[in-house]
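Undergrad: A predicted structure for the sequence below; I have some questions about it.
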Amino acid sequence: MPSVLSLLTDPDEFFRRQGSDPSLKGPLVVILAVVAVDVVAAVLQSRFTSQLFEGVGAGAGSWRSSRRSRTCSSSPGRS
């Protein structure tokens, strides 16, 4: 497999060698690694997002009702 150094020092030879021995193994490994990282990131993001919304959804109704009762009872013009 040709190196990056040969690409920089003798690009003609590098591409001549690449043309005679094409291989998809390197690009395939890179693509699979990117896909694996993307899948792990998506799973983690969905877990954290679901935990965030579970915490918000559990107390949302009680927070609003307690806030309304405090607001209504503390205003001087309303009974």
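TA: Done, it's in.
Undergrad: When you work out contacts or count neighbours from here on, use the C-alpha atoms and nothing else.
TA: Noted.
Undergrad: so where's the chain uncertain?
TA: The model of the chain has pLDDT under 70 over residues 1-2, 55-79.
Undergrad: hey, where'd the helices end up in it?
TA: With helices called from DSSP state H, the chain shows them at 4-9, 11-20, 25-74.
Undergrad: Can you tell me what sits against the shortest one?
TA: Applying CA atoms under 8 Å, 6 or more residues apart in numbering, the contact partners of helix 4-9 are 13-15.
Undergrad: What is the burial count for residue 15?
TA: For residue 15, the count of nearby residues is 15 (other CA atoms under 10 Å).
Undergrad: if I look at it, how far off is residue 7?
TA: As defined by CA to CA, to the nearest Å, residue 15 lies at a distance of 8 Å from residue 7.
Undergrad: Kindly report the same for residue 29.
TA: Distance from residue 29 to residue 7, by CA to CA: 21 Å.
Undergrad: now do residue 40
TA: Separation of residue 40 from residue 7 (CA to CA) stands at 34 Å.
Undergrad: Which of the two has more residues huddled nearby?
TA: residue 7 (13 against 10).
Undergrad: how near is the more buried one to residue 16?
TA: 11 Å.
Undergrad: Same check on residue 49?
TA: Relative to residue 16, and taking CA to CA, residue 49 is found at 50 Å.
Undergrad: same thing with residue 3?
TA: Taken as CA to CA, the span from residue 3 to residue 16 is 13 Å.
Undergrad: One more: residue 44?
TA: Separation of residue 44 from residue 16 (CA to CA): 44 Å.
Undergrad: Need the CA coordinates for stretch 22-29. CSV is fine.
TA: Output in CSV follows, covering the C-alpha atoms of stretch 22-29 (Å, rounded to 0.1, in the frame of the first residue of the first chain):
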residue,chain,number,x,y,z
PRO,A,22,-7.0,-0.6,-6.8
SER,A,23,-8.4,-1.6,-3.4
LEU,A,24,-11.6,-0.6,-1.7
LYS,A,25,-10.5,-2.0,1.6
GLY,A,26,-9.2,1.3,3.0
PRO,A,27,-12.3,3.4,2.0
LEU,A,28,-14.6,0.7,3.2
VAL,A,29,-12.9,0.6,6.6
